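Novice: Would you be able to build a 3D model of this:
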Amino acid sequence: MNIAVIFAGGKGVRIGNEKPKQFIEVYNKPIIVHTLEKFEIHPEIDGVAISCIADWIPHLKELVKQYNLTKVKWIVEGGSTGQLSIYNGLSAVYQDFPEENPIVLIHDGVRPFIDADLISRNIEAVKKYGSSISSSPAIETFAITSDNGNVETIVDRSKSMIAKAPQSFYLHEIIAIHEQALKDGVENSIDSCTLVHSYGKEIHTIPCSTDNIKVTTPKDLYISKYMFDIQNNTYWVEGKE
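Specialist: Prediction:
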């Protein structure tokens with residue numbers, strides 16, 4: 001069994017919009033619907049759990065009904081951090097499957113350019129390695145600096161990857177790490193792979209496209225509109241047909 005856990009608890013402060021970023025419409029559809037549809041149509045996905053801002057749960061339920069997203073089985077309140085939102089989604093799934101150990105694909109509600117192949121490769125990598133972190137190659141140089149701004153280390157770009165999503169695990173393993181983190185007072189780990197790595201667990205990466213962007217800033221929103229135009233062959237350049 002394979003379950004997508006989508007966290008959509010962000011308020012979109014950086015994007016500068018009254019609506020939370022996941023509910024902004026791009027290409028005639030809210031961003032989160034674009035994302036959910038990728039999991040809805042994938043034959044290997046058996047269910048979807050969503051952690052959402054409490055005030056927007058009624059609207060999300062309307063969208064699920066409007067777009068016939070039949071695989072959405074759980075909608076729960078998000079937490080005060082991304083880590084806590086993920087934990088709430090995982091917990092909802094765990095309550096229904098305490099004895100089974102499904103694969104969970106943890107994904108951002110505002111990362112709509114995931115494709116079917118990446119979903120399938122995440123599932124296969126978890127079966128083979130126990131984890132799967134979708135990652136794209138670094139295209140610029142990483143420098144690790146000291147507190148005073150001096151460069152301490154230049155990281156070998158050929159070995160540098162940008163962690164994206166989905167980040168996928170077996171349910172029992174990832175929820176156990178989340179629960180240990182909460183016991184240790186950790187509530188704001190930047191993402192699942194960071195949290196898992198901090199507890200000394202091995203994590204496996206699989207390549208994904210740099211197009212697998214997270215819509216976080218106004219620039220991202222502009223780029224996403226362009227990308228949808230390209231996907232749907234509607235982008236027009238002056239002087240060209």
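Novice: Please enumerate the strands of the protein.
Specialist: Applying DSSP state E to the chain gives strands spanning 2-8, 25-26, 29-30, 47-52, 72-77, 103-108, 131-137, 142-145, 151-155, 161-170, 205-207.
Novice: Looking at these, which is nearest to Glu18?
Specialist: When these are compared by Cβ to Cβ, strand 25-26 sits nearest Glu18, at 12.9 Å. The C-beta positions use only the backbone N, C-alpha and C, and glycine is treated the same way.
Novice: Quick one: the helices in this structure, in order.
Specialist: Listed in chain order, the helices of the chain (DSSP state H) span 31-40, 57-66, 82-96, 116-129, 171-183, 192-198, 218-231.
Novice: Need those helices in a markdown table (columns: mean neighbour count, mean pLDDT and distance to Ile154).
Specialist: Below are those laid out as a markdown table (neighbours: other Cβ atoms under 10 Å; pLDDT from 0 to 100; distance: least, Cβ to Cβ, whole Å):
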| stretch | mean neighbour count | mean pLDDT | distance to Ile154 |
| --- | --- | --- | --- |
| helix 31-40 | 23 | 97 | 35 |
| helix 57-66 | 15 | 97 | 44 |
| helix 82-96 | 22 | 96 | 29 |
| helix 116-129 | 17 | 98 | 29 |
| helix 171-183 | 16 | 97 | 31 |
| helix 192-198 | 20 | 96 | 21 |
| helix 218-231 | 15 | 88 | 26 |
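Novice: Mind checking those for the one nearest to Ser51?
Specialist: helix 82-96 (4.0 Å).
Novice: by contact count, what packs against the closest one?
Specialist: The contact analysis (3 or more Cβ pairs under 8 Å, 6 or more residues apart in numbering; DSSP states H and E) places helix 82-96 against strand 2-8, strand 47-52, strand 72-77, strand 103-108, helix 171-183.
Novice: run the last query once more with 6 Å
Specialist: When contacts are defined as 3 or more Cβ pairs under 6 Å, 6 or more residues apart in numbering; DSSP states H and E, helix 82-96 packs onto strand 2-8, strand 47-52, strand 72-77, helix 171-183.
Novice: ok and the third one relative to strand 47-52, angle-wise?
Specialist: Strand 72-77 and strand 47-52 are oriented at 20 degrees to each other (axes from the mean of the first three to the mean of the last three Cα atoms, to 10 degrees).
Novice: and if you look at the longest one?
Specialist: Following the same axes, to 10 degrees, one obtains 20 degrees for the angle between helix 171-183 and strand 47-52.
Novice: CA atoms only for helix 171-183, dumped as CSV, please.
Specialist: Extracted in CSV, the C-alpha atoms of helix 171-183 (Å, rounded to 0.1, in the frame of the first residue of the first chain):
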residue,chain,number,x,y,z
LEU,A,171,5.2,4.6,7.7
HIS,A,172,6.3,2.9,10.9
GLU,A,173,9.9,4.0,10.5
ILE,A,174,9.2,7.7,9.8
ILE,A,175,6.6,8.1,12.4
ALA,A,176,8.9,6.6,15.1
ILE,A,177,11.5,9.2,14.2
HIS,A,178,8.9,12.0,14.4
GLU,A,179,7.8,10.8,17.8
GLN,A,180,11.4,10.6,19.1
ALA,A,181,12.0,14.1,17.8
LEU,A,182,9.0,15.4,19.7
LYS,A,183,10.3,13.8,22.9
